[in-house]
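J.: task: produce atomic coordinates for the following.
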Amino acid sequence: MGRFWLRLARILPDVRRRQGLLPVTERFACFRTIGAVGELFLANLARFREKAERDGPLRLGVDTEAYEALSVPVGEMVRFLRVMGEGRYEELAQRYEALDSEMARQVFRSHPPEPAPLVVFSFDPEASRPEIVGPKAARLAQLAAEGGWKVPPHFAVTVYAFQLFTEETGVSDLVEQAEATVDLRDGSVLERFSERVTRAILSATMPARLERALDGALGRLRAEAGGEEMVAVRSSVLVEGSASSFAGPFESLLDVPPAEAGRAYKRVLASKYRPEALRNALARGLLEQDVTMPVLVMSMIRRKASGVACSRSPGHPSQVTVSSLSGLGDAEAVRVARLARSLEKRFGAAQEVEWALDESGSLWVLQARPLDDLVESQVAVAARRGAHVVTLDAAQGIDDGEDVPDRRRGSPSAAAPVQRDSVRESLRELLRLVTPLTLTDPESPTFDPEHCRTLRDIARLVQERARIEMFAVEISSRAEQRACRRLVWPKPMEVRLLDLGGAIGVETGDCVALEEVTSVPLRALLEGMMDSRLRWTGPVGFDLKGFVSVVVRSAADDQRYGEPSYALCSPEYLHFSSRLAYHFALVDALCGDSLGENYVRFRFHGGAAVAERREWRGQFLASVLRFNRFLVTHVGDRVDAILPNRPVDELEESLVMLGRLMVASRHLDMVIESPAAATVLAEAFLAGDYAFEQVRTEARV
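T.: Predicted coordinates:
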């Protein structure tokens, strides 16, 4: 039999030969995150499509809100798929970046900026317009106006101030000349350009009109803040906080005395031309005019504690991660977690929230921005001057329905004059780059990144590829094998379980009793495999039209069940791989609350008989699966099938059927003598004759 197993190994997925596989638990975490974020994307898309068609005026900034709420989730899906694929899917990432850049230009260029103040406070009409004050300041102004969140007094030094500064100091001429005469893709040239522009900004004299506006705003801010003098000076760059974000290289200065605010402002502007910022801009195809630098000036809060909260933890969408730079009680941590979730609801995407708790117990929002990369964000949070990190979930008291302000209440943009239909037109143009679904058939040769025309196409492709990545998973490391536990059940096939979290009700050592399994799909599959009408022992061969062979007789006496079967499972997920009687079978299923995520996939191939008999057994399987509404691909002895987008009860029924089918089909390749016989066996199975007793009787007669 050694040669047989070598032949079989050649036709099995080449999974174990791949080096450095991502651990199964991490792969599953990415898979579930992709599903959750995909649902968020579709919910946001439905919301903004409804806004675009609704009668009446739209408030300013809705189009930029839609851009962030739609592009960020799809960007996260692409990134987590690349984690699952260990760096593959570069073409898909590039296609996403191109669409994201096109969307950003559409939104931020659709409303040419008209003359406006150099300085804008949070209660001014322009405060919620990101094309004037930048996304960071616009979000804070919206929160301050809606009344459900505490935001420190602040003002924005606008995009017009940036233009005034660069034009009057000659910086814009310097930049334009360099862009026209040198190749900034050359690393050494870029470094020299960065140094020259930075030096020009820092040594420039502040334009008199801007200096007067800044001094007046600082005095007004001090009065509004009750005499607090120290301020924070931070970038609110125009593409920051979007999926094109590269906010990291930009300057943020804390505890700045008012007398140093002008110098701090120049430092923030100069950070736009740091080498890393320039390289990121060039990589994303952003032009000089795409990255303008409004600046946020905010009163410092006398803090008892402060930190960052992520409204979604990597791979655990129900969890919030809270970090604190000083002491924070369990109750206060829950308040911060609720704050993060409320901001996620407000902006329609996972958020990274910078917060502060003052000495009176008030909780302040210092910044809220889309969470571009959950994994990197959590690492960054855990690494900031020894922060204490707490992860909380809904069972610990975070209720999305509590303490969530009503987004429909008044905002500064509601009082602002509406510019005809320009916002609606911009939103509709944006949705044309998002909504149409052109990738509909996963079997089509055009189901690939090159043919993704919209964000929805990309989301569709990511979800399908993520299913395939999970479908190809296999326990490969010794550590994973050691973590498996043996199922105690009344059948002669060894099953080992790897609990991905919550699939086993009681921790009882190395063995798991059948009644301890709480995984919905695994219980359904085992129920089918234990059907009393199935034959697990004894000869499976019978005479169809006189067919008897030595192969059948030898197979009938061979009751070995191959290598152990592995079940990777959670309460709603199952990945079951089996080598039963010389063939390979795989079941992959997700049975959760989200209809759009749910599916059952099945793969079957291999066997000990000649090729044509294995193909006829494939015909038998395909007939049964199609009758049960699976979408089936049958080539040779290989059968691939999927049942997508079904409620849990329907998927449970299909899994029970698959359990019966996997056992009933053992050795059938050795006794099927024709396509007609395959049809007879399929009809018998569908009639409930899982051991084919009636067929045996008729064959003997």
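
J.: which residue ranges of the stretch 501-650 of the chain form strands?
T.: For the stretch 501-650 of the chain, the strands defined by DSSP state E, counting those that start in this stretch cover 511-513, 565-569, 573-580, 583-590, 599-606, 631-635, 638-644.

J.: now render the ones you listed as TSV, adding distance to E195, mean pLDDT and mean neighbour count.
T.: Any C-beta I mention is one placed from the backbone N, CA and C, and that applies to glycine too. Below are the strands of the stretch 501-650 of the chain laid out as TSV (distance: least, Cβ to Cβ, whole Å; pLDDT from 0 to 100; neighbours: other Cβ atoms under 10 Å):
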stretch	distance to E195	mean pLDDT	mean neighbour count
strand 511-513	64	90	16
strand 565-569	53	89	25
strand 573-580	53	86	24
strand 583-590	53	90	24
strand 599-606	55	91	23
strand 631-635	59	93	15
strand 638-644	55	93	21
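
J.: for L651, which of those is the nearest?
T.: Among the strands of the stretch 501-650 of the chain, strand 599-606 comes nearest to L651, with 5.4 Å by Cβ to Cβ.

J.: any idea of the angle the closest one forms with strand 631-635?
T.: Here the directions of strand 599-606 and strand 631-635 differ by 20 degrees (axes from the mean of the first three to the mean of the last three Cα atoms, to 10 degrees).

J.: ok, back up a step: could you export the strands of the stretch 501-650 of the chain as JSON lines, including distance to D689?
T.: As requested, those are exported to JSON lines (distance: least, Cβ to Cβ, whole Å):
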{"stretch": "strand 511-513", "distance to D689": "31"}
{"stretch": "strand 565-569", "distance to D689": "25"}
{"stretch": "strand 573-580", "distance to D689": "20"}
{"stretch": "strand 583-590", "distance to D689": "21"}
{"stretch": "strand 599-606", "distance to D689": "20"}
{"stretch": "strand 631-635", "distance to D689": "22"}
{"stretch": "strand 638-644", "distance to D689": "21"}
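
J.: for the closest residue to G509 other than its chain neighbours, list each beta-bridge partner.
T.: Distance criterion Cβ to Cβ, 6 or more residues apart in numbering; nearest residue to G509, sequence neighbours excluded, is R485 at 7.7 Å. Per DSSP bridges, the residues bridged to R485 are L497.

J.: give the contact list for R485.
T.: 496-499, 504, 509-512 (Cβ atoms under 8 Å, 6 or more residues apart in numbering).

J.: Throw these into a markdown table and include distance to R533, thanks.
T.: Shown next, in a markdown table, are these (distance: Cβ to Cβ, whole Å):
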| residue | distance to R533 |
| --- | --- |
| R496 | 26 |
| L497 | 26 |
| L498 | 30 |
| D499 | 30 |
| I504 | 28 |
| G509 | 33 |
| D510 | 32 |
| C511 | 28 |
| V512 | 26 |
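
J.: just to check, V78 is in contact with E91?
T.: No. Look at V78 against E91 with Cβ atoms under 8 Å: they stay out of range, at 10.8 Å.

J.: about what we covered before: how far away is the residue nearest to G509 from E469?
T.: Per Cβ to Cβ, to the nearest Å, R485 is found 25 Å from E469.

J.: just to revisit the earlier point, what's the closest of the strands of the stretch 501-650 of the chain to F347?
T.: When the strands of the stretch 501-650 of the chain are compared by Cβ to Cβ, strand 583-590 sits nearest F347, at 27.8 Å.

J.: show me what that closest one is packed up against.
T.: In this structure, strand 583-590 makes packing contacts with helix 455-471, helix 520-529, strand 573-580, strand 599-606, helix 648-664, judged by 3 or more Cβ pairs under 8 Å, 6 or more residues apart in numbering; DSSP states H and E.
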